[in-house]
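Visitor: Give me a model of this one.
(one chain, ligands or ions: 1)
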Amino acid sequence: MKQLLKIPLLYHLKGMVLGADGCRRAAAERYIRPEAGKRILDIGSGVGGMVSYVMPMDYTGVELSAAYVAYSRGCYKQARFMLGDARNVDFGDADFDVCLCWGVLHHMDEAGCHAMLQRVPGLLGKGGRLIIVEPCIVPGQHWFARWMLAHDRGDHIRTQADNERLVSPYFTHVRSEIREGMLRVPYSFVVIEAWNEAST
Ligand SMILES: C[S@@+](CC[C@H](N)C(=O)[O-])C[C@H]1O[C@@H](n2cnc3c(N)ncnc32)[C@H](O)[C@@H]1O
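Guide: Numbering: from 1, shown residues only. Here you go, the predicted model:
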């Protein structure tokens, strides 16, 4: 199953079956609040699943998988996709209003997360925010959610507190909440919003 999800279309279909549409729409409205003229960097953009939900923003995705980038470029002509590692890719004139990082940190060990997160304040313009959406270990969560997490492709699924601890060194403000019921099946996400006072 994990190997099959490397195929872009299958990854896309898995999201549709689980109810990613409603989940992404709700997350975009509540946390991203898309506006024309604003710029978003989607770190680990996968198959471009967020593009439709953040329009009319100016969208840039960066993604490690060449197959995912090729698929995204074929699907979303209105967006820009860069192939590379978000930890060292050159974004040029980076001045983003939102850096989104959905489902990426649990694929990285602590050192990898810090290598990526430490770059983010420098990629954000005035008033810019980092938004992280991650699968999350929550005490007492539904057994099916726990089963899903145990079979995820990422080896580093963390608690709310551990996710916050990763982000905190780089931002003056960090707030997070657990979101259940965003998919068709029992599942737990943590959503983190982080920003720097000086840049607001
Ligand atoms: C679970 S997928 C989530 C994809 C997308 N954000 C979404 O919401 O569907 C995680 C993605 O992060 C990408 N990724 C992991 N580490 C990365 C890195 N260092 N730089 C860029 N992309 C990365 C993976 O290739 C994968 O496509």
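Visitor: Which SSE is immediately downstream of the top strand by length along the chain?
Guide: For the chain, the strand that runs over the most residues, judged by DSSP state E, is strand 124-137. Once the chain leaves strand 124-137, the next helix or strand it forms, by DSSP states H and E, is helix 143-150.
Visitor: immediately after the helix or strand of the chain with the lowest mean pLDDT, which helix or strand?
Guide: Across the helices and strands of the chain, mean pLDDT, DSSP states H and E gives its lowest value to helix 8-18, namely a mean of 77. Per DSSP H and E, the first helix or strand lying C-terminal to helix 8-18 is helix 20-27.
Visitor: related to what we said a few turns ago, for the longest strand of the chain, what is the average pLDDT?
Guide: For strand 124-137, mean pLDDT is 97.
Visitor: likewise stretch 19-36?
Guide: Mean pLDDT, computed over stretch 19-36, is 94.
Visitor: what about the residue positioned nearest the centre of the chain, distance to the ligand?
Guide: For the chain, the residue nearest the mean C-alpha position is Trp102 (1.4 Å; Cα atoms, centre = their mean). Distance, Trp102 to the ligand, using Cβ to the nearest ligand atom, to the nearest Å: 4 Å. Placement of C-beta: from N, CA and C, glycine included.
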